[in-house]
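# Need coordinates for the below:
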Amino acid sequence: MLWPGADWFEIGWGDAAFYQATPTLADLDLDLAVPALFWPTESVVQVVPGIGPLDQVFARSDRVALSLSAGGWRALAIRLGDSISPGPSALPDPVGPSLYGYGLFFRSPFSYHAGRTCNQWISGLLRNAGVPSSWLWSITSTGLVEELRWRAVPLAADAADSLG
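Residues are numbered from 1 along each chain as shown. Just a heads-up that it's a prediction; the model follows:
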């Protein structure tokens, strides 16, 4: 295991060139953004390990607690695994360090474009896990979060803390 002490993982997907070069909005480069939106491009998955309670680490982030069945978790894990290309040894080979922390970027077999963005990728992972999520609402992160909040089933406090 790459990160044996991790309590949780932050995982994202996006255009390979743009995602790896744009840690903040101030780093936005239109020469990388335009091709990412208008033409199918190579993509990467970023995996960043984390330690500590999610409600403290992401205190300023907009979060929605979701409840998944055991089968839903398996389906999500399988679809996530399908999002990372195997390397020559059948294990994924890192293609670079993450934008922060001790994470890594890995190649993905999926192409990135305006019809398949990072938000839509997340929506697809959730649908595969049994969480209703629409392609249309997930065009923007705000739309995705609002739809998930609208559809979320209230959880007991201890369950919400464990799911983030």
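# for the chain, which helix is longest?
Ranked by number of residues, the top helix in the chain under DSSP state H is helix 70-82.
# now what about that helix, what contacts it?
Applying C-beta atoms under 8 Å, 6 or more residues apart in numbering, the external contacts of helix 70-82 come out as 11, 45, 68, 109, 124, 125, 126, 128, 129, 130, 131. Every C-beta, even on glycine, is put in place using the N, C-alpha and C of the backbone.
# again, only this time at 7 Å
With contact meaning C-beta atoms under 7 Å, 6 or more residues apart in numbering, helix 70-82 is reached by 11, 68, 125, 128, 129, 130.
# ok but the third one is inside a strand, no?
No. Residue 125 sits outside any strand when classified using DSSP: H, G, I helix; E, B strand; the rest coil, being helix.
# returning to that earlier point: per-residue confidence averaged over whichever helix or strand comes after the longest helix of the chain?
Past helix 70-82, further along toward the C-terminus, the next helix or strand under DSSP states H and E is strand 94-97. Taken as a whole, strand 94-97 has an average pLDDT of 93.
# helices or strands up against strand 94-97?
Strand 94-97 is packed against strand 104-112, with contacts defined by 3 or more C-beta pairs under 7 Å, 6 or more residues apart in numbering; DSSP states H and E.
# ok so, going back, let me have the contacts of helix 70-82 in a markdown table, adding pLDDT, distance to residue 101 and secondary structure as columns.
Below are the contacts of helix 70-82 laid out as a markdown table (pLDDT from 0 to 100; distance: C-beta to C-beta, whole Å; DSSP: H, G, I helix; E, B strand; the rest coil):
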| residue | pLDDT | distance to residue 101 | secondary structure |
| --- | --- | --- | --- |
| 11 | 94 | 12 | strand |
| 68 | 89 | 25 | coil |
| 125 | 93 | 21 | helix |
| 128 | 91 | 26 | helix |
| 129 | 92 | 25 | coil |
| 130 | 91 | 30 | coil |
